[in-house]
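Undergrad: Below: sequence and its predicted model.
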Amino acid sequence: MTNIFNDKTAIDQAAVILAPTGRLRAAINAGNPVMAQRAADGSLSGVSVAMARLIASRLRVELDFVVFEAAGKATAAVANHSWDVAFLAIDPARQAQIAFTQPYVLIETTYLVPADSPFMTCAQVDAPGVTIGAARGAAYDLHLRRELKNATMVNAETPAESLRMFREGGCTVLAGVRQMFERVAQEGGYRVLDDSIVQVRQAVAVPRQSEAVLEWLGRLVDEALVSGLVSQALLDSGQDEARAAL
């Protein structure tokens, strides 16, 4: 296999597709604290940011971040041609408009429940009369909408808004990312279920019209995994419980 870092033809072709103006617009989901973090001064860090910088550097183009507060918002923005590359979870509901590489990070999703909740497993939550809060369009929201038989989904627009809804009594339990919930549970009054709703597979994403570049991006993902870039970015951003998809 040709080393993508030295294959000028492949790089030039990818740059024409992804960044014809010489600038790469990378969508960052700031609503997922495992994948991206935003400091008080607005600066971004995390594994999605590291991957965006890697792609831009290999393409030899400038990088612009387009920040969204939820994955659903980033997904919807593809229709407006608002970004060139994104970092989203693979899901069948997104694949009509978006093409994905293989995953580079695996994230566990689960439920946050009141400390005195009778629920001990995720399967028990799917019961009549139970309302499940979630950020609209998140991978776990899309999954639950396909799989639930008895419980009812209640959506807020972002993970932060869904957490506020849950705290205010707007739903019985809250679906989301385990690491975020474990920090909330430390405050007291809540606990996190031990098992998982679904393992979310985070990948590099491009609009369908750019899928010709997918093979090149997939090889870059392989390089990032093998080199340890993904694992190191997770460690550097305090997300050591998330797993690189090796």
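TA: Received the coordinates, thanks. Numbering: from 1, shown residues only.

Undergrad: from here on, contacts and neighbour counts on C-alpha atoms
TA: Fine.

Undergrad: What is the three-state secondary structure of the residue positioned nearest the centre of the chain?
TA: Closest to where the C-alpha atoms of the chain average out (Cα atoms, centre = their mean) is L88, at 4.2 Å. Reducing the assignment at L88 to three states with DSSP: H, G, I helix; E, B strand; the rest coil gives strand.

Undergrad: any idea how far A52 is from S82?
TA: Separation of A52 from S82 (Cα to Cα, to the nearest Å): 15 Å.

Undergrad: I figured N155 was touching T131, is that so?
TA: No: the pair N155 / T131 is not scored as a contact, 9.8 Å apart, by Cα atoms under 8 Å.

Undergrad: Neighbour count for A52 and S82, which is higher?
TA: Between A52 and S82, counted using other Cα atoms under 10 Å, A52 has the larger neighbour count: 22 against 15.

Undergrad: Quick check: which element contains the more buried one?
TA: helix 47-59 (DSSP states H and E).

Undergrad: and that helix, how far out from the chain's middle?
TA: 15 Å (Cα atoms, centre = their mean, to the nearest Å).

Undergrad: Kindly list the longest strand within the chain.
TA: If you go by DSSP state E, the chain has its longest strand at strand 98-114.

Undergrad: strands paired with that one, and their directions?
TA: Strand 98-114 sits in its sheet next to strand 173-177 (antiparallel), strand 190-192 (antiparallel), strand 198-207 (antiparallel), strand 243-244 (antiparallel), going by DSSP bridges.

Undergrad: Of all those, which one is nearest A39?
TA: A39 sits nearest to strand 173-177 of all the strands paired with strand 98-114, at 19.6 Å, using Cα to Cα.

Undergrad: Can you tell me what sits against the closest one?
TA: The contact list for strand 173-177 (Cα atoms under 8 Å, 6 or more residues apart in numbering) reads 32, 107-114, 125, 130-135, 140-141, 159, 162-163, 166.

Undergrad: change it to 7 Å
TA: 108-113, 131-134, 140, 166 (Cα atoms under 7 Å, 6 or more residues apart in numbering).

Undergrad: quick one: which of those residues is nearest to S227?
TA: Distances from S227 to the contacts of strand 173-177, taken as Cα to Cα, are shortest for E108 (23.5 Å).

Undergrad: For the closest one, give me its contacts.
TA: Here E108 is in contact with 177-178, 196, 198-200 (Cα under 7 Å, 6+ apart).

Undergrad: any idea how far P118 is from the residue nearest to the centre of the chain?
TA: Relative to P118, L88 is positioned 33 Å away (Cα to Cα).

Undergrad: what comes up buried for the helix holding A52?
TA: Buried residues in helix 47-59, defined by neighbour count with 16 or more other Cα atoms under 10 Å: 47-56, 58-59.
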